[in-house]
Every structure is written in C-alpha cells, then in structure tokens.
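**Q** show me how the following folds:
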Amino acid sequence: MALYVDADACPVKAEIERVGTRHKAQMYFVSNGGLRMSQNPLVEMVIVPEGPDVADMWIAERAGPGDVVITGDIPLAAKCVEAGALVLKHNGEMLTEKNIGNVLATRDLMSDLRAADPFRQGGGKSFGKADRSRFLDALERAMRMASSRT
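**A** Residues are numbered from 1 along each chain as shown. Have a look, this model is predicted:
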C-alpha cells in the first residue's frame, strides 16, 4: 500500500504524514518543488519537472489497487479511480466509480461558468478545523479499506 499526494496545493500534508506513519505506508509527496523536506523515512518527496500536469502524470502512472491518492485535481482523481486506487479530496470526500462522472461534469460546468464571467471573484470557502477533522476521519477509513484490499 502506498499513499500518493498531489502536494502542490495540499492543505493537509501534516495530517497525511501522521496517518500514513501510523499505518506504516510509503508516502509520495509529488510536486514541482517548494516543499519542506520531511525527515520521516516513509516519506519520499518527488520533485517533477515544470510543466502542465507532470505531477499528475507521475501519480497516475503508479497508483493502483491497494493505494490511496490525495488530490483536489478531478481529472487525476478520475484516472486513479479507474486504475483501482482509493481517492480522497482534501475535504475528505471520497471519489469513486459511482460519483466521479458527476464530479467531472460539475467541474467542467463550473469551469465554463468561470470562463463566461471574467469578473467573477473568489467563491472558495476557507479550510477550517472541521474540514481537517473530516479529512482525518476519511483518510483513516480509506487506509483501512486499502489495507484490506492488499
């Protein structure tokens, strides 16, 4: 079992490391750089070259059954779900074969709406304690599910 983290804009890196360590899972924090290195022997910081979706491709090529992927990138999530990995968003929402189609469609619709209104500002809510707690609970459940698949 491995934990793959799309780490560039991930607000829950410390939580992932804590849960992953408890489960003795190898963790890959994948980014274009700029992350603080971890002293944890289970954490590998993977720095990929600059370019569109390079980190996503690195994760998608490796994640599979028995792995857990943490990402807010919906197209990456869809590839990982298709490969058999368990996928969580940063807010703890699990993306599965049953819901990924709707999530992709909503993402595309929202992208079109944003493109149609260049003056639209903000829209995202802040990430708080309740979100962290929900994520920790979801990650713990996902890790148990993944370990039962291996």
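**Q** quick one, helices of the protein?
**A** 13-22, 54-62, 74-82, 100-116, 129-149 (DSSP state H).
**Q** and stretch 80-92, average pLDDT?
**A** Averaging pLDDT along stretch 80-92 yields 94.
**Q** quick one: residues in contact with it.
**A** Contact with stretch 80-92 is made by 4, 10-12, 59-60, 63-72, 77, 94-97, 100, 127, 131, 134-139, 142, 145-146, as judged by CB atoms under 8 Å, 6 or more residues apart in numbering. C-beta here means a position set from N, CA and C on the backbone, and glycine is covered the same way.
**Q** same thing but 7 Å
**A** With contact meaning CB atoms under 7 Å, 6 or more residues apart in numbering, stretch 80-92 is reached by 10-12, 59-60, 63-65, 67-72, 77, 94-97, 100, 131, 134-135, 137-139, 142, 145-146.
**Q** just the buried ones from the residues you listed?
**A** With neighbours counted by 16 or more other CB atoms under 10 Å, the contacts of stretch 80-92 contain buried members at 10, 12, 59-60, 63, 67-72, 77, 94-95, 100, 131, 135, 138-139, 142, 146.
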